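K.L.:
Fold the following.
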Amino acid sequence: MQKWYKNKILGGIGGLLYFILELAWRGHSHWTMFILGGICFLAIGAVNELIPWCMPLWQQALIGAAIVTVLEFLTGCIVNLWMSWGVWDYSGLPGNVLGQICPQYIALWVPVSLAAIVLDDWLRFWMFLEERPHYCLWRHKENVY
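P.N.:
Numbers count the residues shown, from 1 in each chain. Predicted structure coming up:
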């Protein structure tokens, strides 16, 4: 039950931040972006559960960007192509895939993922008394404390 509660809180925070980011960037958003943002935030946070703390932050950010890109593509295929809701359309941008993802936004997800990694770690520390975050910036280290 506690894990469900924690995921609900973290997913809500991630969803809200994603929604706000869209409002700031595009001037509008859609309720599905709250759900997508929550799922992305939880998935990026789960990376630390699967890998050691000693993975450099830049590598974690690349993994996070890949996660967001895959989830954006899947969501876009559902809400834009299948349901025809028209939440976004990148078909006018170079290098797009079915109008759902494009290289320009993939590059944007790297720093956003970095911020999400750090925020998730500190929220888990402050709110749920998990391990205090510590990071490697550039290379693997055996023990980082």
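
K.L.:
In three-state terms, how would the residue positioned nearest the centre of the chain be classified?
P.N.:
What sits nearest the mean C-alpha location of the chain, by CA atoms, centre = their mean, is Cys40, with 3.8 Å. When classified by DSSP: H, G, I helix; E, B strand; the rest coil, Cys40 comes out as helix.

K.L.:
Distance check, it against Cys54.
P.N.:
Note on Cys40: its distance to Cys54, by CB to CB, to the nearest Å, is 24 Å. C-beta: built from backbone N, CA, C; applies to glycine.

K.L.:
now swap in Trp122 and tell me
P.N.:
Distance from Trp122 to Cys54, counting by CB to CB: 18 Å.

K.L.:
rewinding a little: and the residue nearest to the centre of the chain, what is it in contact with?
P.N.:
Cys40 sits next to 14, 18, 67-68, 71, 116 when contact means CB atoms under 8 Å, 6 or more residues apart in numbering.

K.L.:
how about JSON lines for these, with distance to Asn80 and pLDDT added?
P.N.:
Shown next, in JSON lines, are the contacts of Cys40 (distance: CB to CB, whole Å; pLDDT from 0 to 100):
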{"residue": "Gly14", "distance to Asn80": "21", "pLDDT": "97"}
{"residue": "Tyr18", "distance to Asn80": "17", "pLDDT": "96"}
{"residue": "Ile67", "distance to Asn80": "19", "pLDDT": "97"}
{"residue": "Val68", "distance to Asn80": "16", "pLDDT": "97"}
{"residue": "Leu71", "distance to Asn80": "14", "pLDDT": "98"}
{"residue": "Ala116", "distance to Asn80": "23", "pLDDT": "97"}
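
K.L.:
tell me which of the residues you listed is nearest to Tyr90?
P.N.:
Each of those was checked against Tyr90 using CB to CB; the closest is Val68, at 14.1 Å.

K.L.:
so the closest one sits right up against Val112, yeah?
P.N.:
Yes: when contacts are counted by CB atoms under 8 Å, Val68 is listed as touching Val112 (7.3 Å).

K.L.:
for this protein, what spans make up the helices?
P.N.:
Along the chain, counting by DSSP state H, helices occupy 2-26, 31-50, 57-76, 103-128.
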